[in-house]
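**Q** Pasting a predicted model and its sequence here:
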Amino acid sequence: MKDSIAMTFLTSFNKTLRMQVPSPKTPVDAQAVNSAMDAIVAANVFVTANGRIVKKVSATYNTSDSSPIALT
């Protein structure tokens, strides 16, 4: 199983930016994710081609599980 947290932010050019954190500690603490996103916005250190991060938009916890299928 592969787990990740996807955090979506708004940039100064009104574009969305998505950051993904692989293999997060579980169970996922929504308040910790919220605080981390606030810290990312406040730090103002990420500069992309689409501008600086200015606002948090959303966060999702994603899982994918795969099982092999026996072929005959």
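**A** Yep, it's here.

**Q** ok, now how distant is Met7 from Ser66?
**A** Using CB to CB, to the nearest Å, Met7 is found at 24 Å from Ser66. For glycine as for every other residue, the C-beta is placed from the backbone atoms N, C-alpha and C.

**Q** Show me which of the two is the more surrounded one.
**A** A count of neighbours by other CB atoms under 10 Å puts Met7 above the other of Met7 and Ser66, at 21 against 7.

**Q** ok so Val33 is a helix residue?
**A** Yes: counting by DSSP: H, G, I helix; E, B strand; the rest coil, Val33 is part of a helix.

**Q** now the helices for this protein?
**A** Listed from the start of the chain, the chain has helices (DSSP state H) covering 30-43.

**Q** from the middle of its chain, how far away would the biggest strand by length in it be?
**A** Longest strand in the chain, counting residues (DSSP state E): strand 51-64. The chain centroid and the centroid of strand 51-64 are separated by 4 Å under CA atoms, centre = their mean, to the nearest Å.

**Q** For it, name the packing helices and strands.
**A** Judged by 3 or more CB pairs under 8 Å, 6 or more residues apart in numbering; DSSP states H and E, strand 51-64 is in contact with strand 2-11, helix 30-43.

**Q** Could you list the paired strands of the helix or strand of the chain with the lowest mean pLDDT along with their orientation?
**A** Within the chain, no helix or strand scores below strand 47-48, which has a mean of 90 by mean pLDDT, DSSP states H and E. Using DSSP bridges, the strands paired with strand 47-48 are strand 51-64 (antiparallel).

**Q** tell me the mean pLDDT over the strand it pairs with?
**A** The pLDDT scores in strand 51-64 average 95.
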